[in-house]
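Enquirer: Quick one, structure for this:
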Amino acid sequence: MGDLKRALGLMSGTSMDGIDVAMIETDGEDRVERGAARTFAYTAEVRSLLAAAIGTARDLRDRQARPGIMREAERVITKRHAEAVTAFLAAEGIPPESIDVIGFHGQTVLHRPGSGLTVQLGDGAGLAELTGLPVVFDLRAADMADGGQGAPLVPIYHRALAGVLPGRPLALLNLGGVANITFIGANGELIAFDTGPGSALIDDWVSRCTKGAKSFDRDGAMAARGQVSEDVVSFFAAHEYFAQPPPKSLDRNSFFWDLVEWMSPDDGAATLTAMSAEAVRRAMVHLPAPPVRIVACGGGRRNTTLVAMIAARTGIEVVGAEAVGFDGDSVEAEAWAYLGVRAQLGLPITFPGTTGVKAARSGGIVAPPAPAS
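Expert: As a prediction, the model looks like this:
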């Protein structure tokens, strides 16, 4: 049994609402002790900058290129993450020297697995210099170079985290901007893939309808007032992605809300929410057995209308992460801390059943801190 390492995980997801910071202590295998977690919200200006960077990234062919606004976005992302680390450690009274590694996700601006292309903004070496701590970053690229989708990466942490939970098979569903599911079988086997849109289309629709006054449908209130167009949901669900067997993954912009642009704000929110729920239902056909329950993580778990629609459409109990003792806001950041430790130890982080990589493999780049002057 290996020694425990103390790690920070940094996650800025496809919802682009801020930086989640979480600390865990782990041996990189079965032992996980969860620690403090905090979220540092992005300002409206940063969110606008990231949205512009995503727009620019659509034409990228070189994952190292940083044309136009992307260079400034990467600088800002790196600086904000460094500030979040400093603020987190100070607020929690954690000595910086006690941290063994930072797992740094960065901000995904493009993910095209069919082209072997994934781009996350964030300068790992720059973050190591700013924080004075070792940083593991660019954790998706090695998987894609070996035939994998580069996503999802959290399943190995999901399995470690869920080790204490009864009932198999079990599913953990991350309702971020893009939703992804991890299936944990009776013998611990892992199957994972992106189910489809999570909160991204709903968030974009709400922002459009409110002219930026709101960035998400709080508690699913708009969707609860609206009427679902099942014709639109059926048209959406006929997309070839849902019939495609896993492993598979999506870019945030793989789908758009244009199917509902003629609807009222509430009806559009209701229909987009139903589309996300239907995508989860369609995912069930790719699992070897129905899970006994679904544990929902990520910001979308707070959308009670979305959670209720998933339960109704799948016929499976859906519980929030907190109901089983997890922190639904910090699971992905915790996962990146865990992956950082595994990468440091040379342990595999992706597997044929989770990303389609040819063989289980490790990944990531380790940036050491700048030497003390």
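Enquirer: Give me the neighbour count for the residue lying closest to Gly328 once chain neighbours are set aside.
Expert: Nearest residue to Gly328, sequence neighbours excluded (C-beta to C-beta, 6 or more residues apart in numbering): Ala321, at 3.3 Å. Glycine gets a C-beta too; all of them are placed from N, C-alpha and C. Using other C-beta atoms under 10 Å, Ala321 is surrounded by 21 other residues.
Enquirer: Also Ser98?
Expert: Counted with other C-beta under 10 Å, Ser98 comes out at 10.
Enquirer: residue contacts, it?
Expert: Arg6 (C-beta atoms under 8 Å, 6 or more residues apart in numbering).
Enquirer: Let's see the pLDDT reported for it.
Expert: The per-residue pLDDT reported for Ser98 equals 97.
Enquirer: same question, Met1
Expert: pLDDT, Met1: 50.
Enquirer: Three-state assignment for Asp194, please.
Expert: strand (DSSP: H, G, I helix; E, B strand; the rest coil).
Enquirer: Strands of the stretch 151-300 of the chain, start to end?
Expert: Using DSSP state E, counting those that start in this stretch, the strands of the stretch 151-300 of the chain run over residues 170-175, 178-184, 190-197, 294-297.
Enquirer: Tabulate those strands in TSV, adding columns for mean neighbour count.
Expert: Listed next are these as TSV, based on neighbours: other C-beta atoms under 10 Å:
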stretch	mean neighbour count
strand 170-175	27
strand 178-184	28
strand 190-197	25
strand 294-297	26
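Enquirer: For Arg47, which of those strands is the nearest?
Expert: For Arg47, the closest of the strands of the stretch 151-300 of the chain is strand 178-184, at 17.1 Å, according to C-beta to C-beta.
Enquirer: quick one: strands adjacent to that closest one?
Expert: strand 170-175 (antiparallel), strand 190-197 (antiparallel) (DSSP bridges).
Enquirer: pLDDT (mean, whole number) over the first one?
Expert: Computed over strand 170-175, the mean pLDDT rounds to 96.
Enquirer: and if you look at the longest one?
Expert: Over the span of strand 190-197, the pLDDT mean works out to 95.
Enquirer: which element is the residue nearest to Asp251 when sequence neighbours are not counted on?
Expert: In this structure, Asp251 finds its nearest non-sequential neighbour in His111, 4.3 Å apart by C-beta to C-beta, 6+ apart. Using DSSP states H and E, His111 maps to strand 101-112.
Enquirer: Heading C-terminal from that strand, find the next helix or strand.
Expert: strand 117-121.
Enquirer: Could you list every helix and strand that that following strand packs against?
Expert: Packing contacts for strand 117-121, counted by 3 or more C-beta pairs under 8 Å, 6 or more residues apart in numbering; DSSP states H and E, involve helix 69-92, strand 101-112, helix 141-145.
Enquirer: so can I have JSON lines of the ones you listed showing mean neighbour count and distance to Ala277?
Expert: As requested, the helices and strands packed on strand 117-121 are exported to JSON lines (neighbours: other C-beta atoms under 10 Å; distance: least, C-beta to C-beta, whole Å):
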{"stretch": "helix 69-92", "mean neighbour count": "18", "distance to Ala277": "31"}
{"stretch": "strand 101-112", "mean neighbour count": "25", "distance to Ala277": "23"}
{"stretch": "helix 141-145", "mean neighbour count": "21", "distance to Ala277": "29"}
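Enquirer: and Gly328, which of these is closest to it?
Expert: Judging those by C-beta to C-beta, what sits closest to Gly328 is strand 101-112, at 17.1 Å.
Enquirer: Let me have the helices and strands packed on strand 117-121 in a markdown table, extended by distance to Pro155 and mean pLDDT.
Expert: Converted to a markdown table, the helices and strands packed on strand 117-121 look like this (distance: least, C-beta to C-beta, whole Å; pLDDT from 0 to 100):
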| stretch | distance to Pro155 | mean pLDDT |
| --- | --- | --- |
| helix 69-92 | 24 | 97 |
| strand 101-112 | 15 | 94 |
| helix 141-145 | 12 | 92 |
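Enquirer: Nearest approach to Ile202 belongs to which of these?
Expert: strand 101-112 (18.5 Å).
Enquirer: Now do the contacts for Ile202.
Expert: Here Ile202 is in contact with 216-217, 223, 269, 272-273, 276, 303, 306 (C-beta under 8 Å, 6+ apart).
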